[in-house]
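# Generate coordinates for the sequence data below:
(4 chains)
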2 protein chains.
Amino acid sequence: MARRRTTLKDVAEEVGVHTSTVSRALNPETRHFIRPEVAERILAVSERLNYRPNAAAYSLRTNKTRIIGVVIPDIANPVFPPIIRGIEDVLSERGYLAILVNSEPHNARHGAVLDALQSRGVDGLIMASLELGDSIIRGMIDDGLPAVTVNRRAEDADVPSVTNDEDQGMRLILEHLKALGHTRVANLAGPQSISTGKERFEAFRRHARAMGFDTSEDLVVFSQRLNEAEGERCAAELLDALSGFTAIVASNDRLAVGAISLLRRRGIACPAEMSVTGFNDMPMVDRFEPPLTTVRVQQYEVGRLAASMLMKRLDGGELEPSEEHIVVPVELVVRASTARVR
Amino acid sequence: MARRRTTLKDVAEEVGVHTSTVSRALNPETRHFIRPEVAERILAVSERLNYRPNAAAYSLRTNKTRIIGVVIPDIANPVFPPIIRGIEDVLSERGYLAILVNSEPHNARHGAVLDALQSRGVDGLIMASLELGDSIIRGMIDDGLPAVTVNRRAEDADVPSVTNDEDQGMRLILEHLKALGHTRVANLAGPQSISTGKERFEAFRRHARAMGFDTSEDLVVFSQRLNEAEGERCAAELLDALSGFTAIVASNDRLAVGAISLLRRRGIACPAEMSVTGFNDMPMVDRFEPPLTTVRVQQYEVGRLAASMLMKRLDGGELEPSEEHIVVPVELVVRASTARVR
DNA sequence: CTGTTAGCGCGTTCAC
DNA sequence: GTGAACGCGCTAACAG
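Model (predicted):
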């Protein structure tokens, strides 16, 4: 065991040709240079010797690793797995592999993590983990590293992105609530340092005004993070500060779930006394109690698109301006966390 | 942009020394060979020039990549994210990166995927994706590639593993059901080609017998896959074939969730008329309707342990026999999908 | 069509 | 302490 891996040279000697001939025969692109019978023999021998190309040597020579760095805040957050799966499916179809890294932008190690990726020579980067102020990704792109953002977008308009139609999603939610007779709804907004948080908040404000909802400033609370505990905290803040609102529009499902927990703890019935909406349609939220009314974003598709976009860049294709920022349509999924106002 | 990356040579020229001197100065292990003032200058310049070692060259030379392959069936299955996170956390503490691959053993591309990993020169492998008959991992270990399995285990006893205490879990569930007065319980077992499916089934049979449950063969149905749809299908099969049982013990949470869906569709109340138990305690099952009674496995911890085990192997340490197979304790989490039999 | 040559960037001998 | 030389395995340019 641990026997030396067979190299091009081993194959070449066995067949009685030069290594470069073997190299050409093994590469589909250059195989036609080689006489078919020789190629045949080379293939057979390399098979028999169980030849595996040495990726390090290949990379050193070509400056390509066929590895893509994928940076997300936290894989344990249920929004990400479908996105990752979409990314990985496209990459593997194309012979690429994904290095997965969990890191949040405000994490002390964030810069080091990206350095490590760059040092590994990844051919490209897919970032779900970035904040609006963020200059790191800018720097990497300036270093010549192709990068794309998923789910969130960068402040710089020239960082290609695949995101969801946040504006449309918020509009659908508010239309739904309006149809149910709500007029005073609170917004449990996300961190404004993240594009989704900001865009959803702004969409909420704009559409709420346009549709004639009560737009008092104090109906908005901003969360610091995007998890259930923070959803509970913010919902409590809202309930403690004011009353008379009949619905909570949360910036994402996890905040919504947290809010619902708090309502239950306080004995406020959802949806009978308070409607709650989410955003994302994470896996399984249809099985929650109550099943969550939310905006379905196409997580898997978004992942696929981001990876495809990066692949296209890597194929040397410049992106059309219309392809630089893909906004994927969303839809409203009405379940049981919203009800007609009493 | 896309300017050439700075290399050892660039730094060497700038400082006015030889590349090998720079190499030594930059490596903490060999830094003491270099005069402190020179080392200082080298550090400063390499910092200023933003020097990043070229991983391909390093690998070619040393035969190490500091990359670990992590192979799981499907990241979209909620059991895996916490495991992945555990793995990634210890790897990154140690300066390793993880290549994540989704692949099931019966998948046509499974072999190719593992080849790709081996070709990339990964330093080790963490496998959650394997079946009992599986010889692939055996082959890779024979090739000298350190490997560890998580969650499932291989048939060969000498493939190190980190798994959960399946036997204990099943015992706890059956004791719980017995205490609630159940005597006739069905087993929605997992595929017997997977170690967890087999061990949980065998534990069920053994403990059921020991505790005096009805052990008719027809109280068992074997699922082909581990998802909700299959849980529904198998539950239907059970209900169609016989009656008089008061609980369904599923081999994992997803099967249990599927079974509960089917019960609801047929108008059978859970837990009033039928208790259902899961296994794993996936994230969020506490928020389902009804909240699932299940066995909590320490997913994150299991991931950490597997990665630590691999790191130890890579440090050259042979594993103590007692460390070869770690079995992590589990606990019963009683929620609301089980009730006293009427 | 195939062989020769060169070099990717690095760590590691071996001299000095 | 430091420099020179070498080679890891591979592909690309150039000869023939």
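# Domain ranges for chain A, per the record?
Per automatic domain parsing, the domain ranges recorded for chain A read A:8-53, A:63-164+A:299-328, A:166-297.
# Which positions in the helix or strand of chain A with the lowest mean pLDDT come out as buried?
Across the helices and strands of chain A, mean confidence by mean pLDDT, DSSP states H and E is lowest for helix A:321-324: a mean of 84. Neighbour-count burial for helix A:321-324, with 16 or more other CB atoms under 10 Å in any protein chain shown as criterion, is recorded at A:Glu323. In short, each C-beta sits where N, CA and C put it, glycine included.
# ok, the residue of the stretch 151-300 of chain A found nearest DNA strand C - contacts?
DNA strand C sits closest to A:Val159 of the stretch 151-300 of chain A, with a gap of 26.3 Å, by CB to the nearest atom of the strand. Listed by CB atoms under 8 Å, 6 or more residues apart in numbering or on different chains, the contact set of A:Val159 reads A:137-138, A:141, A:147-149, A:153.
# and what of A:Leu26?
A:Leu26 neighbours (CB under 8 Å, 6+ apart): A:8, A:42-43, A:46, A:51, A:53.
# from the residues you listed, which are also near chain B?
A:Pro53 (CB under 8 Å from any CB of the partner chain).
# picking up where we left off before, how close does the residue of the stretch 151-300 of chain A closest to DNA strand C sit to DNA strand D?
29 Å (CB to the nearest atom of the strand, to the nearest Å).
# Check A:Phe33 too.
The value you get for A:Phe33 to DNA strand D, if CB to the nearest atom of the strand is used, is 9 Å.
# Distance to B:Pro105 for the domains of chain A - can I get that in JSON lines?
As requested, the domains of chain A are arranged in JSON lines below (distance: least, CB to CB, whole Å):
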{"stretch": "domain A:8-53", "distance to B:Pro105": "20"}
{"stretch": "domain A:63-164+A:299-328", "distance to B:Pro105": "16"}
{"stretch": "domain A:166-297", "distance to B:Pro105": "23"}
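# got a pLDDT number for the closest residue to DNA strand D within the stretch 201-342 of chain A?
Nearest to DNA strand D, among the residues of the stretch 201-342 of chain A, is A:Gly316, at 13.8 Å (CB to the nearest atom of the strand). Here the pLDDT value assigned to A:Gly316 is 77.
# would you say A:Thr183 is within a strand?
No: secondary structure of A:Thr183 (DSSP: H, G, I helix; E, B strand; the rest coil): coil, not part of a strand.
# Tell me how many other residues crowd it.
For A:Thr183, the neighbour count with other CB atoms under 10 Å in any protein chain shown is 15.
# and it, what is it in contact with?
A:212-214, A:246, A:341 are the contacts of A:Thr183 under CB under 8 Å, 6+ apart.
# Go ahead and build a PyMOL selection from the buried members of those residues.
Here is the PyMOL selection string for the buried members of the contacts of A:Thr183, based on 16+ other CB under 10 Å:
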select buried, chain A and resi 213+246+341
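# Get me the contact residues on the stretch 101-250 of chain A for chain B.
So far as CB under 8 Å from any CB goes, the stretch 101-250 of chain A lies against chain B at A:101-102, A:109, A:113, A:115-121, A:141-144.
# Out of those residues, flag the one nearest to B:Arg266.
Proximity of these to B:Arg266 (CB to CB) peaks at A:Asn102, which lies at 41.6 Å.
# Quick check: phi and psi on the closest one?
phi -90, psi 120 (degrees, to the nearest 10).
# Would you mind confirming that it is in contact with A:Pro73?
Yes: look at A:Asn102 against A:Pro73 with CB atoms under 8 Å: they come within range, at 7.0 Å.
# on that earlier part again, so which of the contacts of A:Leu26 wins on neighbours?
The most crowded member of these is A:Ile42, carrying 25 neighbours; neighbours defined as other CB under 10 Å.
# if you skip the residues just before and after it, what's nearest to it?
A:Ala25 (4.1 Å; CB to CB, 6 or more residues apart in numbering or on different chains).
# low-scoring stretches of chain A, by residue?
Across chain A, the ranges flagged by pLDDT under 70 are A:1-3.
# for DNA strand C, what are the nearby residues on it?
Contacts of chain A with DNA strand C, taken as CB under 7 Å from any atom of the strand, map to A:16-21, A:24, A:32-35, A:38-39, A:57, A:60-61.
# what two of these have the greatest distance between them?
A:Arg35 and A:Leu60 (29.4 Å).
# more neighbours, these two?
Between A:Arg35 and A:Leu60, counting by other CB under 10 Å, A:Leu60 is the more crowded of the two (18 against 10).
# any idea what sits nearest that one, other than its immediate chain neighbours?
B:Ala56 is the one closest to A:Leu60 (CB to CB, 6+ apart), at 4.3 Å.
# Please apply the same query to A:Gly231.
Distance criterion CB to CB, 6+ apart; nearest residue to A:Gly231, sequence neighbours excluded, is A:Gly258 at 2.2 Å.
# Just give me the neighbour total for the one you found.
Neighbours of A:Gly258 under the rule other CB under 10 Å: 25.
# and the gap between the nearest residue to A:Ala339 once chain neighbours are set aside and B:Ile42?
Distance criterion CB to CB, 6+ apart; nearest residue to A:Ala339, sequence neighbours excluded, is A:Pro271 at 3.7 Å. Using CB to CB, to the nearest Å, one gets 66 Å for the distance from A:Pro271 to B:Ile42.
# got it, and A:Thr215?
61 Å.
# Let me know whether A:Glu324 touches A:Asp156 as I believe.
No: with contact defined as CB under 8 Å, A:Glu324 does not reach A:Asp156; the gap is 11.2 Å.
# moving C-terminal of the least confident helix or strand of chain A, what's the next helix or strand?
strand A:325-328 (DSSP states H and E).
# helices and strands around that following strand, which ones?
The elements that strand A:325-328 packs onto, with contact taken as 3 or more CB pairs under 8 Å, 6 or more residues apart in numbering or on different chains; DSSP states H and E, are strand A:161-164, helix A:299-314.
# So which residues make contact with the longest one?
It refers to helix A:299-314. Looking at what lies outside helix A:299-314 - CB under 8 Å, 6+ apart - the contacts are A:68, A:79, A:82-91, A:94, A:96, A:123-126, A:146-151, A:160, A:162-164, A:280, A:319, A:323, A:326, A:328, B:76.
# In helices, which of those appear?
Within these, residues falling in helices by DSSP state H are A:82-91, A:323.
# Strands of the stretch 51-200 of chain A, start to end?
A:67-72, A:97-102, A:124-127, A:147-150, A:161-164, A:185-189 (DSSP state E, counting those that start in this stretch).
# ok, now the stretch 201-342 of chain A?
Secondary structure of the stretch 201-342 of chain A (DSSP E, counting those that start in this stretch): strands at A:220-222, A:247-250, A:275-277, A:294-296, A:325-328, A:331-333.
# Tell me the strands beside the last one, with direction?
Sheet pairing here is set by DSSP bridges, and for strand A:331-333 it gives strand A:294-296 (antiparallel).
# How far off centre is the strand it pairs with?
16 Å (CA atoms, centre = their mean, to the nearest Å).
# Distance check, the residue of the stretch 201-342 of chain A closest to DNA strand D against chain B.
The spacing between A:Gly316 and chain B, counted by CB to the nearest CB, to the nearest Å, is 12 Å.
# A:Ile99 now?
5 Å.
# Okay, buried residues for stretch A:334-342 please.
Of the residues in stretch A:334-342, those buried (16+ other CB under 10 Å) are A:335-339, A:341.
# Of these, just say which sits nearest to chain B.
Lowest distance from chain B to the buried residues of stretch A:334-342 (CB to the nearest CB) belongs to A:Ala336, with 9.9 Å.
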